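1. Sequence isn't available, so here's the structure alone:
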């Protein structure tokens with residue numbers, strides 16, 4: 001069986017968030033399970049590519065808005081990432097640096113919609129010309145969600161109309177909403193135009209949900225929330241309920257070739273669940289590098305500084321924690337909204353003790369090495385997400401013996417088992433109510449256990465012994481694919 005993943009991101013070639021992580025790992029594990037899997041994505045101007053492993057395999061053209069756009073298709077050899085990656089080069093729309101935003105301004109590209117549409121028309125051209133002949137298309141997020149409509153409804157693609165399609169929702173907040181006139185210009189007539197529309201606009205995600213043969217999202221908990229909570233479904237709750245019979249939640253995984261404290265080359269000292277002494281060495285080394293006291297509990301936040309990540313709650317919770325003189329150190333690593341950066345800076349300035357060690361260190365940057373070091377050095381990971389479709393950070397943290405403190409939503413509820421001191425079971429601390437008080441209380445519960453070293457070691461080892469690898473998830477996808485692709489393929 002040959003499965004072609006179509007997406008806008010694939011780590012490390014181009015990564016903005018969790019979507020890139022998924023596409024950088026899932027195909028490799030599918031291949032280990034016996035599936036011929038590959039990725040098709042745009043070739044961006046700042047793509048991280050191994051040039052000597054690239055070869056040009058096709059050149060062609062396709063129509064778009066009364067124009068003809070030329071493209072070239074490159075293949076990066078499977079040896080680089082463990083699976084082949086096909087890159088659609090179309091310089092006008094993808095030749096510049098940046099995946100979704102102009103790195104010089106931090107703003108979305110003004111021709112963002114055209115970039116998504118051009119990519120999809122390029123994918124259609126590749127499929128129609130037979131350059132790639134998959135048995136199944138696996139589409140990811142709204143950037144690819146109109147492909148099923150063209151394939152099913154446009155007579156130009158009649159020979160591809162029966163191609164099985166899986167559509168995965170990584171985050172329902174981002175739906176691809178455009179003026180309806182856009183579809184009238186670039187689309188194809190459909191029997192029920194309302195199936196493409198939401199509130200009078202073209203809605204790409206809705207189209208993907210309704211036209212795909214199967215729908216997945218990235219955790220069982222998030223699948224339930226999308227059907228039960230209108231605020232999480234961002235207006236599409238009725239549509240998620242409508243596709244419930246063909247929808248399932250499959251939890252994301254992590255790549256143990258990259259995330260493993262016993263072999264990680266980016267951390268200060270390697271360690272394992274059998275011998276945690278190296279974790280203390282990581283904490284001492286990182287605290288020395290950042291000017292922190294290593295004898296304090298070290299709390300870390302790693303992620304985008306956005307509303308959906310609960311950063312407003314993070315600021316409020318840290319204010320309660322740090323202004324009450326609780327003896328902890330906190331490191332925040334991430335980029336995002338300037339308002340959140342300013343609020344954190346303001347808090348850092350207000351809690352400075354003259355001549356003392358800092359208690360809040362801020363790093364407003366993307367720094368993969370520092371992220372690995374924080375997972376290895378941290379005692380607790382703060383993850384107060386307002387919405388979390390799956391979440392990978394809590395899995396990374398548990399793998400490294402760093403105890404997660406999470407808002408019990410989506411994949412966080414699915415993966416973090418609340419600590420029970422009586423049974424010695426559990427992997428972290430959860431809070432149900434999205435309030436600073438509930439968040440602060442969860443941190444205090446964690447600190448209480450931290451000061452009981454024997455219990456803390458059990459808690460750390462519980463998390464480290466969990467299997468979060470993609471092997472488990474790949475098997476679930478394989479079972480799904482087999483329901484859609486004839487056995488003879």
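-> Received, thanks. This structure is a prediction, so every number in the text was calculated from the model and none was measured.

2. buried sites along the strand or helix carrying residue 3?
-> Taking DSSP states H and E as the criterion, residue 3 maps to strand 2-6. Buried residues in strand 2-6, defined by neighbour count with 16 or more other Cβ atoms under 10 Å: 3, 4, 5, 6. Backbone N, C-alpha and C define where each C-beta goes, glycine included.

3. pLDDT and distance to residue 299 added to these, as CSV?
-> Rendered in CSV, the data for the buried residues of strand 2-6 read as follows (pLDDT from 0 to 100; distance: Cβ to Cβ, whole Å):
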residue, pLDDT, distance to residue 299
3, 98, 40
4, 98, 42
5, 98, 36
6, 98, 39
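
4. Please, where are all the helices along the stretch 101-250 of the chain?
-> 112-128, 147-153, 180-186, 204-211, 220-228, 230-233, 237-242 (DSSP state H, counting those that start in this stretch).

5. Can you tell me which of the ones you listed is nearest to residue 68?
-> For the helices of the stretch 101-250 of the chain, distance to residue 68 was read as Cβ to Cβ. The smallest value, 10.7 Å, belongs to helix 112-128.

6. What is that closest one packed up against?
-> On a contact count with 3 or more Cβ pairs under 8 Å, 6 or more residues apart in numbering; DSSP states H and E, helix 112-128 meets strand 36-42, strand 54-64, strand 67-76, strand 85-89, helix 91-94, helix 147-153, helix 180-186.

7. Can you add mean neighbour count, mean pLDDT and distance to residue 119 and give these back as TSV?
-> Output for the helices and strands packed on helix 112-128, formatted as TSV (neighbours: other Cβ atoms under 10 Å; pLDDT from 0 to 100; distance: least, Cβ to Cβ, whole Å):
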stretch	mean neighbour count	mean pLDDT	distance to residue 119
strand 36-42	25	98	5
strand 54-64	14	96	11
strand 67-76	17	97	10
strand 85-89	22	98	7
helix 91-94	18	96	8
helix 147-153	22	97	10
helix 180-186	15	93	12
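
8. do you know which of these lies nearest residue 308?
-> Here strand 36-42 is closest among the helices and strands packed on helix 112-128 (Cβ to Cβ), at 23.8 Å.

9. Sheet partners, orientation included, of that closest one?
-> Taking DSSP bridges as the criterion, strand 36-42 forms sheet pairs with strand 2-6 (parallel), strand 85-89 (parallel).

10. can you put those strands in TSV and add distance to residue 35?
-> Output for those, formatted as TSV (distance: least, Cβ to Cβ, whole Å):
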stretch	distance to residue 35
strand 2-6	6
strand 85-89	16
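
11. Which one of those lies nearest to residue 224?
-> Using Cβ to Cβ, the nearest of the strands paired with strand 36-42 to residue 224 is strand 2-6, at 25.0 Å.

12. Residues contacting the closest one, please?
-> By Cβ atoms under 8 Å, 6 or more residues apart in numbering, the surrounding residues in contact with strand 2-6 are 23, 26-27, 30, 35-41, 123, 132-140, 144, 147, 481, 489.

13. so how many other residues sit close to residue 138?
-> By other Cβ atoms under 10 Å, 28 other residues sit near residue 138.

14. again with residue 51
-> 6.

15. Compare the strands paired with strand 36-42 and report which one is nearest to residue 56.
-> strand 85-89 (8.8 Å).

16. quick one: that closest one to helix 112-128, angle?
-> 120 degrees (axes from the mean of the first three to the mean of the last three Cα atoms, to 10 degrees).

17. Relative to residue 319, which of the strands paired with strand 36-42 is closest?
-> strand 2-6 (42.5 Å).

18. in the very next helix or strand once past that closest one, what counts as buried?
-> The first helix or strand that comes after strand 2-6 along the chain, using DSSP H and E, is helix 18-32. Under the neighbour-count criterion of 16+ other Cβ under 10 Å, helix 18-32 has 18-31 buried.
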